[in-house]
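Peer 1: Predicted structure and sequence below. I'll ask about it afterward.
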Amino acid sequence: QVQLVESGGGLVQPGGSLTLSCVASGFILSNYRIGWFRQAPGKEREGISCMNGPEGGTYYSDSVKGRFTISRDNAANTVHLRMNSLEPEDTAVYYCATLRLLCERDFSGNLWGQGTQVTVSS
């Protein structure tokens, strides 16, 4: 079965860190461009980071640049999102997805995971 499954969300205090994971099954994730999106209550879904396939290269939105890091673990068929210096404004459901087109500004998703909740609160 072709799918993506996210994990690693939870409740964290402001200034804390979390690492999200996105495990692929049914296909080789390293052959695909992959991205992380988030959707906060009452807001549109936002693409925050993505990574190209074998050609390399990453993108970060201004809202997370310098705080979040996307990485691959090809042996585990997994992509991670390390989130540091978390703020209440980062509270959202986080999704991973393979990309329709290039990893660049305004990137869009194709195959989606089910999402994982991240709540930043004291």
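Peer 2: Done, it's in. Residues are numbered from 1 along each chain as shown.

Peer 1: Would you map the strands across the chain?
Peer 2: Along the chain, counting by DSSP state E, strands occupy 3-7, 10-12, 18-25, 34-39, 46-51, 58-60, 68-73, 78-83, 92-99, 109-112, 116-120.

Peer 1: what about the first one, average pLDDT?
Peer 2: The average pLDDT within strand 3-7 is 98.

Peer 1: just to revisit the earlier point, make CSV out of the strands of the chain and add mean neighbour count.
Peer 2: Every C-beta, even on glycine, is put in place using the N, C-alpha and C of the backbone. Below are these laid out as CSV (neighbours: other C-beta atoms under 10 Å):
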stretch, mean neighbour count
strand 3-7, 17
strand 10-12, 14
strand 18-25, 19
strand 34-39, 24
strand 46-51, 22
strand 58-60, 17
strand 68-73, 17
strand 78-83, 22
strand 92-99, 23
strand 109-112, 16
strand 116-120, 18
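
Peer 1: wait, isn't residue 27 in contact with residue 3?
Peer 2: No. Assessed by C-beta atoms under 8 Å, residue 27 is found out of contact with residue 3, at 9.1 Å.
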